[in-house]
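Asker: Take this sequence and fold it.
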Amino acid sequence: MVSITELLTVSGMEGVSDQLPAQPDQPAPEKLRFDAANDFLTICDRLSTGYDSGY
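Answerer: All right, here's what the predicted structure looks like:
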């Protein structure tokens, strides 16, 4: 049986597998940081304007 690493090496794509997320169902770290930053700015905006939508 041939391993995935051997197939990637034979096809010349050994570096590509390292760039893919380990679990495709989880968002990329950049997306998580972006979402966290947006949440933070939303909270800051609510605090500064006195707006609260019931959270």
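
Asker: and stretch 45-55, what's its mean pLDDT?
Answerer: Across stretch 45-55, pLDDT averages out at 76.

Asker: Can you pull out the residues in contact with stretch 35-42?
Answerer: Residues outside stretch 35-42 that contact it (C-beta atoms under 8 Å, 6 or more residues apart in numbering): residue 27. For the C-beta atoms, the positions are set from N, CA and C on the backbone; glycine is no exception.

Asker: As CSV, could you dump the C-alpha coordinates of it?
Answerer: Once non-C-alpha atoms are left out, stretch 35-42 reads as follows in CSV (Å, rounded to 0.1, in the frame of the first residue of the first chain):
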residue,chain,number,x,y,z
ASP,A,35,-14.0,37.1,13.9
ALA,A,36,-12.6,37.8,17.4
ALA,A,37,-11.5,41.3,16.4
ASN,A,38,-14.9,42.0,14.9
ASP,A,39,-16.6,40.8,18.1
PHE,A,40,-14.4,43.1,20.1
LEU,A,41,-15.0,46.1,18.0
THR,A,42,-18.8,45.4,18.1
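
Asker: Buried ones in that stretch, by neighbour count?
Answerer: For stretch 35-42, the buried set under the neighbour-count rule, 16 or more other C-beta atoms under 10 Å, is empty.

Asker: Make residue 1 into 43 and carry on from there
Answerer: Fine by me, first position is 43 from now on; the one you just mentioned is stretch 77-84.

Asker: Which of the helices and strands in the chain ranks last by mean pLDDT?
Answerer: Confidence across the helices and strands of the chain bottoms out at helix 58-61, with a mean of 54, counting by mean pLDDT, DSSP states H and E.
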